[in-house]
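Engineer: Structure of the sequence below:
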Amino acid sequence: MGKITGFLEYERIEERAQPVAARLKTWDEFIAGLGSDEARIQGARCMDCGTPFCSHGCPVDNVIPDFNDLVYRDDWRHAIEVLHQTNNFPEFTGRICPAPCEAACTLNIDGHPVGIKSIEHAIIDRAWAEGWVRPQPASVKTGRRVAVVGSGPAGLAAAQQLARAGHEVTVFEKNARPGGLLRYGIPDFKLDKSHIERRIEQLQAEGVVFRTGVLVGALPKNAKIVNDATETIAAGELLGAFDAVLLAGGSETSRDLPVAGRELDGVHFAMEFLPRQNKVVAGEQPKTPIHAAGKHVVVIGGGDTGSDCVGTSRRHGAASVTQFELLPMPPEHEDGPMTWPYWPHKLRTSSSHEEGCARSFAIATKEFVAGSGKDKRRVVGLKTVELEWSAGRMSELSGTEKTWPADLVLLAMGFAHPVPTVLEAFGVDKDTRGNAKAGTGIVGGYRTSVDKVFAAGDMRRGQSLVVWAIREGRQAARAIDEYLMGTSLLPR
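Structural biologist: From the prediction side, this is the model:
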């Protein structure tokens with residue numbers, strides 16, 4: 001694959017980023033994709049390793065060696081065809097996927113994998129520029145109707161596959177615009193929303209109908225979840241009007257931190273903070289914007305959502321940004337021969353961290369501190385203690401208590417499960433984690449305990465990556481097609 005000696009001749013090329021000072025002035029994407037010649041060099045580095053561990057590491061099973069080789073040979077038209085065979089939306093994954101494929105690349109044994117993600121990014125951007133991405137409406141309609149609840153990556157992937165199989169597909173979204181957490185959870189500087197708009201237009205041309213501002217079922221009282229719904233539809237109404245229903249909403253129940261002072265103003269879930277900023281960028285004015293300008297911001301949680309809070313706060317002009325992580329600091333470099341081809345445990349520094357962020361590991365928040373006088377209902381600080389980890393158990397280190405200034409605290413500790421009232425509205429069984437209970441087997445895959453009702457993505461597996469959502473949406477579409485027609489030609 002690629003050039004037979006390419007991995008010996010060429011180095012890995014990283015995508016270029018705008019300087020920090022420039023990119024903090026805008027909400028635009030700041031990563032410049034590889035040029036055609038650079039992408040060809042990266043494709044040339046793909047070695048004939050015999051077993052494509054990269055493809056096994058990729059949740060959507062991208063045929064990576066093939067499109068690497070096609071790019072190396074300057075056959076971009078066939079490269080996008082190969083890429084689209086397994087991935088409906090490579091412009092999403094080419095920008096925001098953590099690239100488990102690169103971790104599994106044989107060249108990653110010494111830490112210099114092929115730039116697979118950057119090649120994918122280059123392929124899809126070239127395809128859009130050349131006009132190769134076009135609607136593919138079904139030539140024959142089946143007359144079967146499918147409702148998809150949720151318009152995130154799982155719902156969109158399933159809707160596209162089902163529409164191309166000839167079914168009438170309607171996507172229900174409680175928010176003002178489709179895209180789910182792609183639109184309302186991921187900042188614009190990582191994923192410009194024009195990429196979503198282009199795909200929505202393609203899906204509509206393929207026959208998919210989007211009904212936005214429509215809540216299916218109900219939300220818990222006082223739920224701090226993005227919800228623009230002006231209309232509600234009962235689960236029974238969908239079951240009566242459609243031949244199959246796919247539940248593909250996100251895992252939106254944020255993990256809380258129930259310590260003293262949690263009720264203070266200025267303590268928010270990340271998913272209260274990030275969607276409101278995305279709405280501002282989109283020209284949708286949120287009712288109560290949350291702004292970090294001039295504030296001492298503390299982000300609790302060390303994952304991608306926490307990183308997004310860091311980058312957003314820096315663009316607001318925060319006085320300082322500090323990120324806490326409960327776990328100890330990972331090693332800076334993985335032991336390649338020990339962990340390859342699996343996802344390595346190591347310190348990950350995001351582009352947002354590079355923009356200015358103090359990071360504290362093995363630290364626990366004990367209390368949110370209120371101000372005095374007119375600020376007695378607002379957070380002005382928080383108290384912490386350092387932790388010691390041994391055999392997977394943590395203990396507090398006495399004498400390490402500390403009070404930090406904090407005018408804005410963002411809870412980014414992940415998500416527990418999907419909104420329970422939506423699952424309860426359909427009466428589907430839940431697993432021990434509160435997700436829809438459904439397997440992934442070839443027979444009966446993605447079916448819930450209720451006839452006609454399927455579940456995929458975060459709704460079924462819990463919070464996960466966009467690439468996993470796309471995989472599940474595609475597989476669920478095949479399961480639904482087979483359920484409706486007795487057999488299916490859709491790829492699994």
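
Engineer: just checking, what packs against the longest strand along the chain?
Structural biologist: If you go by DSSP state E, the chain has its longest strand at strand 379-390. Here strand 379-390 is seen to pack against strand 363-370, strand 393-396, strand 402-405, strand 408-411 when contacts are counted using 3 or more Cβ pairs under 8 Å, 6 or more residues apart in numbering; DSSP states H and E. From N, CA and C alone the C-beta is placed, and that goes for glycine too.

Engineer: Quick check: which of these is buried the most?
Structural biologist: Most buried of those, by mean neighbour count (mean count of other Cβ atoms under 10 Å): strand 408-411, with a mean of 27.

Engineer: related to what we said a few turns ago, can you give the distance of the longest strand of the chain from its chain's centre?
Structural biologist: Taking Cα atoms, centre = their mean, to the nearest Å, one finds the center of strand 379-390 at 29 Å from the center of the full chain.

Engineer: Need the per-residue pLDDT for Pro337.
Structural biologist: Residue-level confidence at Pro337 comes out at 79, pLDDT.

Engineer: what's the neighbour count on Leu24?
Structural biologist: For Leu24, the count of nearby residues is 18 (other Cβ atoms under 10 Å).

Engineer: can you check Ala32 too?
Structural biologist: Neighbours of Ala32 under the rule other Cβ under 10 Å: 11.

Engineer: Check the contact between it and Glu15; I expect there is one.
Structural biologist: Yes: between Ala32 and Glu15 there is a contact at 6.3 Å, judged by Cβ atoms under 8 Å.

Engineer: Residues in contact with the worst-scoring helix or strand of the chain on mean pLDDT: which ones?
Structural biologist: Ranking every helix and strand in the chain by mean pLDDT, DSSP states H and E puts helix 336-339 at the bottom, with a mean of 82. The contact list for helix 336-339 (Cβ atoms under 8 Å, 6 or more residues apart in numbering) reads 108-111, 344-345.

Engineer: After it, which helix or strand is next? Please name it.
Structural biologist: helix 351-354 (DSSP states H and E).

Engineer: what residues does that next one touch?
Structural biologist: 17, 20, 30-31, 307-308, 310-311, 314, 323, 359.

Engineer: For ChimeraX, write a command that selects the buried ones of those residues.
Structural biologist: To isolate the buried subset of the contacts of helix 351-354 in ChimeraX, counting by 16 or more other Cβ atoms under 10 Å, use the following:
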select :30,31,307,308,310,311,314,323,359
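
Engineer: Just the closest of the contacts of helix 351-354 to Leu70, please.
Structural biologist: Ile31 (23.0 Å; Cβ to Cβ).

Engineer: Next one: the closest one from His268, what distance?
Structural biologist: 28 Å (Cβ to Cβ, to the nearest Å).

Engineer: same question, Tyr72
Structural biologist: Distance from Tyr72 to His268, by Cβ to Cβ: 48 Å.

Engineer: ditto for Met459
Structural biologist: 24 Å.

Engineer: Comparing the two, which shows the higher neighbour count?
Structural biologist: Per other Cβ under 10 Å, whichever of Met459 and His268 has more neighbours is Met459, with 33 against 20.

Engineer: I figured Met17 hits Leu24, correct?
Structural biologist: Not Met; residue 17 is Ala. No: look at Ala17 against Leu24 with Cβ under 8 Å: they stay out of range, at 11.9 Å.

Engineer: Go through the longest strand of the chain and flag the buried ones.
Structural biologist: 379-387.

Engineer: and that strand, average pLDDT?
Structural biologist: Averaged over strand 379-390, pLDDT sits at 97.

Engineer: what angle separates that strand from strand 363-370?
Structural biologist: Strand 379-390 runs at 160 degrees relative to strand 363-370, counting by axes from the mean of the first three to the mean of the last three Cα atoms, to 10 degrees.

Engineer: Strand 379-390 pairs with which strands?
Structural biologist: strand 363-370 (antiparallel), strand 393-396 (antiparallel), strand 402-405 (antiparallel) (DSSP bridges).

Engineer: Hmm, Val226 is touching Pro275, no?
Structural biologist: Yes: here Val226 reaches Pro275: they are 4.5 Å apart, a contact under Cβ under 8 Å.

Engineer: anything in contact with each of these two?
Structural biologist: Residues touching both Val226 and Pro275 by Cβ under 8 Å, 6+ apart: Tyr184.

Engineer: Regarding stretch 390-400, how distant is the last residue from the first?
Structural biologist: 17 Å (Cα to Cα, to the nearest Å).

Engineer: Same check on stretch 424-433?
Structural biologist: In stretch 424-433, first residue to last residue: 14 Å (Cα to Cα).

Engineer: In it, which residues are buried?
Structural biologist: For stretch 424-433, by 16+ other Cβ under 10 Å, it's 425-426, 428, 430.

Engineer: isn't there a strand covering Arg359?
Structural biologist: Yes: counting by DSSP: H, G, I helix; E, B strand; the rest coil, Arg359 falls inside a strand.

Engineer: Would you check that it makes contact with Gly302?
Structural biologist: Yes: contact between Arg359 and Gly302 holds when scored by Cβ under 8 Å: they sit 7.5 Å apart.

Engineer: so what's in contact with these two at the same time?
Structural biologist: Common neighbours of Arg359 and Gly302 (criterion: Cβ under 8 Å, 6+ apart): 323, 325.

Engineer: Quick one: distance of stretch 51-67 to the chain centre.
Structural biologist: 20 Å.

Engineer: in that stretch, what counts as buried?
Structural biologist: Residues of stretch 51-67 classed as buried: 52-55, 57-67 (neighbour count, 16+ other Cβ under 10 Å).

Engineer: That stretch - what's its average pLDDT?
Structural biologist: So the average pLDDT for stretch 51-67 ends up being 96.

Engineer: Next: stretch 416-427.
Structural biologist: Mean pLDDT, stretch 416-427: 95.

Engineer: Any idea how far apart the tips of that stretch sit?
Structural biologist: Length of stretch 416-427, first residue to last, Cα to Cα: 19 Å.

Engineer: Can you give the contact residues for it?
Structural biologist: 149, 216-220, 223, 225, 234-235, 239, 245, 247, 249-255, 430, 433-436, 448-450, 453, 458-459, 462.

Engineer: Tell me where the stretch 1-150 of the chain has strands.
Structural biologist: 16-17, 31-32, 145-149 (DSSP state E, counting those that start in this stretch).

Engineer: quick one on the thing from earlier: redo the strands paired with strand 379-390 as TSV? Include distance to Val419.
Structural biologist: TSV is the format used below for the strands paired with strand 379-390 (distance: least, Cβ to Cβ, whole Å):
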stretch	distance to Val419
strand 363-370	26
strand 393-396	30
strand 402-405	32
